[in-house]
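Peer 1: would you be able to build a 3D model of this:
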Amino acid sequence: MPSARNEQLQDAAVLTRAVENLFRKLIRFLIGRISLVKLQEMIRYIFVEEAENKLKKENPSKNISLTKLALLSGIDTRTLTKVRNSEGYRQPLYRESKFLREFTPGAAILDFWCSRSPFVEPRSGKPKKLKISGEENSFEALFAGCIKGRGVTANSLLQRLAESGAVEIDQQQETVKLLKPTYLPSSSSDQLGSIQMGFSAIGNMLDTVVHNVESPDTGADRLYQQGAWTYRLSPENREAARQDLRELLADTDAKARKIISQYEDKNTTPEQITSGVSLYYFEESGSAQI
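Peer 2: Residues are numbered from 1 along each chain as shown. I've put the predicted structure just below:
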């Protein structure tokens, strides 16, 4: 029979593999959109907040000690005190201007370009067209004024911004023009909506997974969670499979909306909850999705 230690190691291995797989796919998407430093800062805030919430839920009438919080989070008390006393703690990070300005080198320089003298027109407040190099009114000067990290050069950042469509480089005039002051480098007009909807669906699915994992301990009924997939789809059958499954999902979506509408209240009240289903097609090796 397996020992208790072996069972613990197996449980840890399963959890580690699952988290690694999830993080790897998420980080693959976040590269170029958020720096590792800001991601670590965000995770630290959220981890401490959720650990504090857990302890508060377990003992609503008691104050949360740093010792218990350190034990649950694995963070030393000095760091915990610094996190809990920081301006960003328990604040929506997407509203924190300082956090967003340091999101990535690209985000920082675009924010600087749009808001700081001498890189904006005095009357209109619009960002100026800059010389690529030079001590004043140049992209090099802009870079030197706001990018402090090592390993990033003005030229490499300029090329990255050009590839994303954020700037336009005139090689003959040796100038660069700002086209769009966006934090997310993309030429797609609807990508922000896709990101918001997609990550909302991921969060909803994770809620279902966590609920079902904890249901044996909580005694709650399991929520419906199923999937259908194959590891042996030939590339030549991909388009046909997509089309058939697209039709299935569209039909199911229409039926689900009809059912939900039957139970939806006409008026909004504080005790109402969010409820629903998500339908999507996926491919491990492909990039296109229904």
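
Peer 1: CA atoms for contacts and neighbours, from now on please.
Peer 2: Fine.

Peer 1: just checking, residue 170 touches residue 178?
Peer 2: No: with contact defined as Cα atoms under 8 Å, residue 170 does not reach residue 178; the gap is 11.4 Å.

Peer 1: between these two, who's got more neighbours?
Peer 2: In this view residue 170 and residue 178 are compared by other Cα atoms under 10 Å, and residue 178 has more residues nearby, 20 against 12.

Peer 1: for that one, list each beta-bridge partner.
Peer 2: Beta bridges link residue 178 to residue 167 when assigned by DSSP bridges.

Peer 1: for the stretch 101-250 of the chain, which spans come out with low pLDDT?
Peer 2: Scanning the stretch 101-250 of the chain for pLDDT under 70 picks out 101-104, 148-151, 181-194, 196.

Peer 1: now do the helices in it.
Peer 2: 105-115, 139-146, 154-164, 191-218, 238-263 (DSSP state H, counting those that start in this stretch).

Peer 1: out of the ones you listed, which one sits most buried?
Peer 2: Stretch with highest mean neighbour count among the helices of the stretch 101-250 of the chain: helix 105-115 (a mean of 21; mean count of other Cα atoms under 10 Å).

Peer 1: got the angle between it and helix 154-164?
Peer 2: Between helix 105-115 and helix 154-164, the angle comes out at 90 degrees (axes from the mean of the first three to the mean of the last three Cα atoms, to 10 degrees).

Peer 1: using CSV, write down the CA coordinates of helix 105-115.
Peer 2: Output of helix 105-115 as CSV, limited to C-alpha atoms (Å, rounded to 0.1, in the frame of the first residue of the first chain):
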residue,chain,number,x,y,z
PRO,A,105,8.1,49.2,-20.9
GLY,A,106,5.8,49.8,-23.9
ALA,A,107,2.9,50.9,-21.7
ALA,A,108,5.2,53.1,-19.6
ILE,A,109,6.6,54.9,-22.6
LEU,A,110,3.3,55.5,-24.3
ASP,A,111,1.8,56.9,-21.1
PHE,A,112,4.9,59.2,-20.8
TRP,A,113,4.6,60.3,-24.4
CYS,A,114,0.9,61.2,-24.0
SER,A,115,1.2,63.2,-20.8
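
Peer 1: quick check: angle from it to helix 139-146?
Peer 2: Going by the same axes, to 10 degrees, helix 105-115 makes 100 degrees with helix 139-146.

Peer 1: tell me the pLDDT at the residue nearest the centre of the chain?
Peer 2: In the chain, the centroid-proximal residue (Cα atoms, centre = their mean) is residue 30; its distance is 6.8 Å. pLDDT for residue 30: 82.

Peer 1: surely residue 161 is in contact with residue 176?
Peer 2: No: the criterion here is Cα under 8 Å, and residue 161 misses it with residue 176 at 10.4 Å.

Peer 1: spit out the residues that contact those two alike.
Peer 2: Here residue 161 and residue 176 share the contacting residues residue 167, scored by Cα atoms under 8 Å, 6 or more residues apart in numbering.

Peer 1: what are the ranges of the strands in the stretch 1-150 of the chain?
Peer 2: Ranges of strands in the stretch 1-150 of the chain, per DSSP state E, counting those that start in this stretch, are 130-131.

Peer 1: residue 46: neighbour count?
Peer 2: Residues near residue 46, counting by other Cα under 10 Å: 15.

Peer 1: from residue 275, how far off is it?
Peer 2: 24 Å (Cα to Cα, to the nearest Å).

Peer 1: can you check residue 54 too?
Peer 2: 23 Å.

Peer 1: for those two, work out which one has more neighbours and name it.
Peer 2: residue 54 (14 against 8).

Peer 1: can you read off the pLDDT for that one?
Peer 2: You'll see residue 54 listed with a pLDDT of 91.

Peer 1: gap between it and residue 48?
Peer 2: Using Cα to Cα, we find residue 54 at a distance of 10 Å from residue 48.
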